[in-house]
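1. fold the following for me, if possible:
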Amino acid sequence: MSNLNRFGWLAAALLVSFASYAAGNAASNAGDIEISGAWSRATAPGQDAASVDLTITSKRAATLVGVSSPAAKTAELHSMTTEDGMMRMREVKSIELPAGKRVNLSESGYHLMLNGLKAPLKEGETVPLTLSIRVGKQGVVKFETMAEVRSLTETNDASHEDEHMHMHMHMH
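-> Below you'll find the predicted structure:
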């Protein structure tokens, strides 16, 4: 019986070690990516779409490949360009996040688009977002963050850039 007991303890110790190793890897992935300054403007009556700006810094080369939010029917990655004096918005499949480079979406010509809002966005509220980021060979990692809803007239300024929004990581 004592051999069986020793085996049980050994198996439990190995399981705990593996769980710690897996959690450590997940934590190191989370530490490699920082999401900050997520925000959106409040929406006007009848408006059913909103754009979100945020900043992502990844220690390793990564790619933003998706976004979702329970506040909207769909969410997309968009690029903004000016062609022939007109602003054009297009959906893109991914946004590159070079290693060690701070990428502010709006400064880089991008934003997240929330379509089919389930309720108006009101100043002072927050909007939950889940970002899907492909990190090297690790596969796609899901990050949850909150976008602050600011007034309709708000512009992105440096005072808000240093605000780091709370995020959680979930392996996909």
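2. where does this structure dip in pLDDT?
-> By pLDDT under 70, the weakly predicted segments of the chain are 1-31, 154-172.
3. can you give the distance from the helix or strand hosting residue 34 to the centre of its chain?
-> Assigned by DSSP states H and E, residue 34 belongs to strand 33-41. Its chain's average C-alpha position is 8 Å from that of strand 33-41, according to CA atoms, centre = their mean, to the nearest Å.
4. residues of it that come out buried?
-> Within strand 33-41, the residues scored as buried using 16 or more other CB atoms under 10 Å are 33, 35, 36, 37, 38, 39, 40, 41. Any C-beta I mention is one placed from the backbone N, CA and C, and that applies to glycine too.
5. got it, and stretch 51-68?
-> Across stretch 51-68, burial judged by 16+ other CB under 10 Å covers 51-58, 62-64, 66-68.
6. again, but for stretch 138-158
-> Buried residues in stretch 138-158, counted by 16+ other CB under 10 Å: 138, 141, 143, 145, 146, 147, 148, 149, 150, 156.
7. next: stretch 75-90.
-> In stretch 75-90, counting by 16+ other CB under 10 Å, buried: 75, 76, 77, 78.
8. ok, stretch 125-142 next?
-> 125, 126, 127, 129, 130, 131, 132, 133, 134, 135, 138, 141.
9. would you reformat the residues you listed as CSV and include secondary structure and distance to residue 97?
-> Shown next, in CSV, are the buried residues of stretch 125-142 (DSSP: H, G, I helix; E, B strand; the rest coil; distance: CB to CB, whole Å):
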residue, secondary structure, distance to residue 97
125, coil, 27
126, strand, 23
127, strand, 21
129, strand, 16
130, strand, 16
131, strand, 10
132, strand, 12
133, strand, 7
134, strand, 9
135, strand, 9
138, helix, 13
141, strand, 12
